[in-house]
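**Student:** Following is a predicted model, sequence given first.
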Amino acid sequence: MSNMSNTDKNLADLRAFQTKLEAAKKMRVKVGLPSGKTIATHVYDGGQSVFEIGAKHEFGIGVPRRSWLRNSVEANRPAIIKTIHAQFDLAKGAGAPVDKAMDTIGITVRNFCVRAFRTNGFDSWAPLSPATMAEKAARGKSTTLIDTGTLRQSITWEVVK
């Protein structure tokens with residue numbers, strides 16, 4: 001039997017959670033093509049890296065803007081916020097490690113970014129031009145932003161402390 005009162009236990013639980021929150025404030029979740037985790041050095045036939053192709057489409061540099069990162073976060077903000085709350089509820093209630101919570105948040109955002117490729121940017125991407133459609137059709141392709149799948153497969157996350 002414990003000598004700790006309910007008040008003392010609640011206070012201890014709150015202090016433990018405060019420690020976790022302090023640790024979380026020092027962490028960042030990076031999603032996209034973080035240099036430490038991606039195959040950004042992969043070079044396409046045209047000589048551009050995965051990072052260059054990703055930035056080109058994300059910001060519309062020389063092509064119609066097809067945001068696979070920022071738009072994915074905006075389109076799914078309520079679900080991402082729900083995941084953040086759920087993960088910190090687990091960290092508080094079940095004592096889950098805060099780095100595991102941050103990792104799950106990263107996975108969630110990454111999955112939304114990948115889903116953008118199947119949903120034409122959650123229906124926000126400009127349609128392909130007739131010339132691009134013809135060029136893709138000649139190679140047996142038809143999906144916006146997917147020829148080899150390298151960009152989509154390169155999207156990842158990392159928790160930085």
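**Tutor:** All right, it came through fine.
**Student:** so who does residue 115 touch?
**Tutor:** By Cβ atoms under 8 Å, 6 or more residues apart in numbering, the contact set of residue 115 is 72, 122. Every C-beta, even on glycine, is put in place using the N, C-alpha and C of the backbone.
**Student:** ok, now how distant is it from residue 67?
**Tutor:** Applying Cβ to Cβ, to the nearest Å, the value for residue 115 to residue 67 is 13 Å.
**Student:** swap in residue 31?
**Tutor:** Counting by Cβ to Cβ - residue 31 and residue 67 are separated by 13 Å.
**Student:** And for residue 53, the neighbour number?
**Tutor:** 22 (other Cβ atoms under 10 Å).
**Student:** what's the helix or strand for it?
**Tutor:** Using DSSP states H and E, residue 53 maps to helix 50-59.
**Student:** just how off-centre is that helix within its chain?
**Tutor:** Centroid separation for helix 50-59 versus its chain: 15 Å, with Cα atoms, centre = their mean, to the nearest Å.
**Student:** Residues touching that helix, excluding its own?
**Tutor:** 32-33, 35, 38-42, 44, 48, 61-63, 65-70, 145, 150-151, 154.
**Student:** Show me those residues that map onto helices.
**Tutor:** 70, 150-151, 154 (DSSP state H).
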